[in-house]
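Enquirer: mind looking at a prediction? Sequence and model below.
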Amino acid sequence: MVSKGEQQQGRTGKRRLIVHVGVQKTGSTSIQRHLGRNAKALSDRLVVRTPDEGTPMRPLGRAAVNFSLRSESGDAEAALKIALDDVLDTLPANDLPVLLSHENLAGAMPGNGGETRLYPALPQIVSLIRGHAKDFDTDFVYYSRRMNAWKSSVWAQAVRTDGYTRREEEFMLETAELPGWGDLHRRLVEAVGGKRVTRFKLEDEPEAERPGRQLLLHAGLSDAEIDALQPLEGPSMSRLNDASTEFLRHLNSLNINPHARGKVADLVVRTQSLFNADHRPEGTL
């Protein structure tokens, strides 16, 4: 655990940098929406950076995924460092702790780009971030989720966003040998040290309307301060219904322009009811 004094400033006396690396499908989007909704209330306690459209956090996430798929490439490593610098350059010149939150900092999830392992490049990514952000005292946070439920959600997301073409049963067979979260934690600790890695369980979050309580407590807020934040209204990045997911899975098998595929996927997300077997257009019986 991080002591009260270390919550404001790192163990080394440097400015504290908390890097929330996701992972995908563990509530990151809800956490980021909650942070964004309460940006003003948090601004005197915490500097927050999330992957909002048009911000340097978007390229940082893409660079981390690309690095995870091409970790042997010097170009991919250089691009990740440049993207990190672009984010750090936006930080205000004060002593407030900084929270970077992006699920893609974990790298490619299973089903993306042919990846079937449990974030093999994440230890390299956190080591690179810590070594490159020399002016900060950096620690890393990730959320986990019960493995079977997580893999099912990852499959649906891979179909939705990453062009994955195989059925859920096939995906489960591909990932049957994935180790548990304990293996990932061990590798992260070996990379940056035990005091710099914290795992939170999604199932331990007490309120869906105020997601990320464990993360905010880790960043130095009190329970009372978190309780005073505005709650969310409605879920984030809900899983598509089964028929919509199946339609996209078949779409992914077609040789069509990726931009066109993305347009169709957006339409499917907005009109899921059309893919229900009992859908009746307005005005029909």
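Expert: Arrived safely, thanks for sending.
Enquirer: ok, which stretches of the chain are strands?
Expert: With strands called from DSSP state E, the chain shows them at 15-20, 47-49, 98-101, 136-144, 197-201.
Enquirer: what sits against T116?
Expert: Going by C-beta atoms under 8 Å, 6 or more residues apart in numbering, T116 touches P110, E174, T175. Glycine gets a C-beta too; all of them are placed from N, C-alpha and C.
Enquirer: what's the separation between it and A260?
Expert: In this view, T116 and A260 are 27 Å apart by C-beta to C-beta, to the nearest Å.
Enquirer: look up the closest residue to the residue minimising distance to the centre of the chain, ignoring the ones flanking it.
Expert: For the chain, the residue nearest the mean C-alpha position is E103 (1.4 Å; C-alpha atoms, centre = their mean). Nearest non-adjacent residue to E103, counting by C-beta to C-beta, 6 or more residues apart in numbering: G22, 3.1 Å away.
Enquirer: could you do M172 as well?
Expert: Here the residue nearest M172, using C-beta to C-beta, 6+ apart, is K151, at 6.4 Å.
Enquirer: quick one: residues contacting that neighbour.
Expert: Contacts of K151 (C-beta under 8 Å, 6+ apart): P110, F171, M172, T175, L178.
Enquirer: now T175
Expert: Residues in contact with T175, defined by C-beta under 8 Å, 6+ apart, are P110, T116, K151.
Enquirer: make CSV out of the residues you listed and add distance to L46.
Expert: Below are those laid out as CSV (distance: C-beta to C-beta, whole Å):
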residue, distance to L46
P110, 32
T116, 36
K151, 32
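Enquirer: so which of the residues you listed are in helices?
Expert: K151 (DSSP state H).
Enquirer: with pLDDT and distance to D137 as added columns, please give the contacts of T175 in CSV.
Expert: Listed next are the contacts of T175 as CSV, based on pLDDT from 0 to 100; distance: C-beta to C-beta, whole Å:
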residue, pLDDT, distance to D137
P110, 96, 32
T116, 91, 35
K151, 97, 34
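Enquirer: I'd like to know which of the contacts of T175 is nearest to R196.
Expert: Of all the contacts of T175, R196 sits closest to P110, with 25.1 Å by C-beta to C-beta.
Enquirer: low-confidence stretches in the stretch 1-150 of the chain?
Expert: Where the stretch 1-150 of the chain drops to pLDDT under 70, the residues are 1-11, 71.
Enquirer: need the contact list for A83.
Expert: Here A83 is in contact with P56, P59, L60, R62, A63, A64 (criterion: C-beta under 8 Å, 6+ apart).
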